[in-house]
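Asks: take this sequence and fold it.
(chains A, B, C and D)
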2 protein chains.
Amino acid sequence: MSAPQDCPGCAAPDLAFAAHDHAHCAQDALARAEALTATTGARLTPVRRRVLEILLEEHKALGAYDVLARLATEGFGNQPPVAYRALEFLVEQGLAHRIQRLNAFTACVHPGEDHAPAFLICRTCHTVAEAEATAARAALDTEAARTGFQVERSTIEALGLCPNCRGQA
Amino acid sequence: MSAPQDCPGCAAPDLAFAAHDHAHCAQDALARAEALTATTGARLTPVRRRVLEILLEEHKALGAYDVLARLATEGFGNQPPVAYRALEFLVEQGLAHRIQRLNAFTACVHPGEDHAPAFLICRTCHTVAEAEATAARAALDTEAARTGFQVERSTIEALGLCPNCRGQA
DNA sequence: TGTATGTATGTAATATCATAACACGTCAAG
DNA sequence: CTTGACGTGTTATGATATTACATACATACA
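Replies: The predicted structure is shown next:
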């Protein structure tokens, strides 16, 4: 495992859209996940680890049943809870994110850097990228506070065209 | 129908949370909806109008099946498409919004004022309020643009505690 | 007035997403 | 060596959403 700044692909903010060594990117995320769980004591069991690997194969969001189908062919259980539980674990640990708009899940590319990103979802190629959401979240919190509402968690997701698909249109 | 500034309840930004004359608030939204559809030529048929009324009864989000159950007892169809079609129409016309986080729908309290609000969802009383999202959306668009992503639609939803429920906690 | 056309509604069937409840196995602490 | 926590497997069911087709209703216009 290399530090993030050692990998041009992994360090880029537009990671998902830019051409990059995805194998390295996935390996890196997996290694970090292992380091993280070792630290916190959370158990990255075979099913959970495999689900993370599956999510890391592409910068896309996968439905729970897509994941489940993969697991089933590999000798794991084939009932929905098997997938949902592993996904829930990964989300709790910050190793994956749920994309509300798609009822689907995507691997976190920056595990450990405690963050609540915005998601950029390309409506053509279905790639999902994480984007920095600090400013947007701050604006939302401020606006909410004006009405006395206290934000605990927020969902920020954008649908649109990624740079690659824009070029082709 | 009165202009928005004539109604203290309807003009307030924290409409949903503040004590207000909700009957007036609902009537106002309905009247605007009628005016709007008359302008655009869209047909606010009995089912669609009734669905809007149902959504306007409270500042909450209702699931499609909740709406459907109401419709069914009133002599309308009782199959899911009846509710989904009416809801889709209302959303298209800007008369209702879909809350992704809840897989549910809520009436728009400012129909006609072309807007894409953020939603503030109270986790205790389940009230849903619309909040100004211009700043948050701008921040998101800017961040997305840095990666070359072009945002077409964005979802901004916050889960937390509304002023009333905060007081009680 | 009759008829064609588009739009809305009704209905059946099915697809997709998600959770509750319980059984069984494993492993570490006491 | 057993108890308790946790993880996994499985059954069953619940919740959300769409496809496809049939029917009715409105509008325009021959």
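
Asks: the longest strand along chain A pairs with which strands, parallel or anti?
Replies: Determined from DSSP state E, the single longest strand within chain A is strand A:150-161. Looking at strand A:150-161 with DSSP bridges, its partner strands are strand A:118-122 (parallel), strand B:150-161 (antiparallel).

Asks: which is the next helix or strand following the shortest one?
Replies: It stands for strand A:118-122. For strand A:118-122, the succeeding helix or strand toward the C-terminus, using DSSP states H and E, is strand A:128-131.

Asks: given that next one, what are its sheet partners and their directions?
Replies: Each strand that strand A:128-131 pairs with, and the sense of that pairing, follows from DSSP bridges: strand A:118-122 (antiparallel).

Asks: for the partner strand, which outside residues touch it?
Replies: A:16, A:61, A:97, A:99, A:101-102, A:106, A:127-133, A:136, A:156-162, A:164-165, B:140, B:143-144, B:147, B:149, B:151 (Cβ atoms under 8 Å, 6 or more residues apart in numbering or on different chains). In short, each C-beta sits where N, CA and C put it, glycine included.

Asks: out of the helices and strands in chain A, which is least certain?
Replies: Counting by mean pLDDT, DSSP states H and E, the weakest-scoring helix or strand in chain A turns out to be helix A:8-11, with a mean of 53.

Asks: my read: A:E132 touches A:P117, true?
Replies: Yes: contact criterion Cβ atoms under 8 Å: A:E132 and A:P117 qualify, at 6.8 Å.

Asks: tell me if stretch A:68-77 is near DNA strand D.
Replies: Yes: Stretch A:68-77 is in contact with DNA strand D by Cβ under 7 Å from any atom of the strand, via A:76-77.

Asks: buried residues, that stretch. List them.
Replies: Burial within stretch A:68-77, assessed by neighbour count using 16 or more other Cβ atoms under 10 Å in any protein chain shown, is assigned to A:68, A:70-71, A:76.

Asks: between the two ends of that stretch, how far is it?
Replies: For stretch A:68-77, the first-to-last residue distance is 8 Å (Cα to Cα, to the nearest Å).

Asks: three-state assignment of A:H20?
Replies: Under the three-state scheme (DSSP: H, G, I helix; E, B strand; the rest coil), the conformation of A:H20 reads as coil.

Asks: care to break chain A down by domain?
Replies: What automatic domain parsing lists as the domains of chain A is A:4-107, A:118-168.

Asks: tell me the mean pLDDT over the last one?
Replies: Okay, so that is domain A:118-168. What domain A:118-168 shows for mean pLDDT is 97.

Asks: just how off-centre is it within its chain?
Replies: For domain A:118-168, the distance from its own C-alpha centre to the chain's C-alpha centre is 14 Å (Cα atoms, centre = their mean, to the nearest Å).

Asks: kindly report the same for the first one.
Replies: Computed by Cα atoms, centre = their mean, the separation of domain A:4-107 from the middle of its chain amounts to 7 Å.

Asks: so which of the domains of chain A is the most packed in?
Replies: For the domains of chain A, the stretch with the most neighbours on average is domain A:118-168, a mean of 19; neighbours defined as mean count of other Cβ atoms under 10 Å in any protein chain shown.

Asks: between the two ends of that one, how far is it?
Replies: By Cα to Cα, one end of domain A:118-168 lies 24 Å from the other end.

Asks: stretch A:157-169 now?
Replies: Using Cα to Cα, the end-to-end distance of stretch A:157-169 comes to 22 Å.

Asks: does it come close to DNA strand D?
Replies: No: using Cβ under 7 Å from any atom of the strand as the criterion, no contacts between stretch A:157-169 and DNA strand D are found, and the smallest distance is 14.1 Å.

Asks: noted, bye for now.
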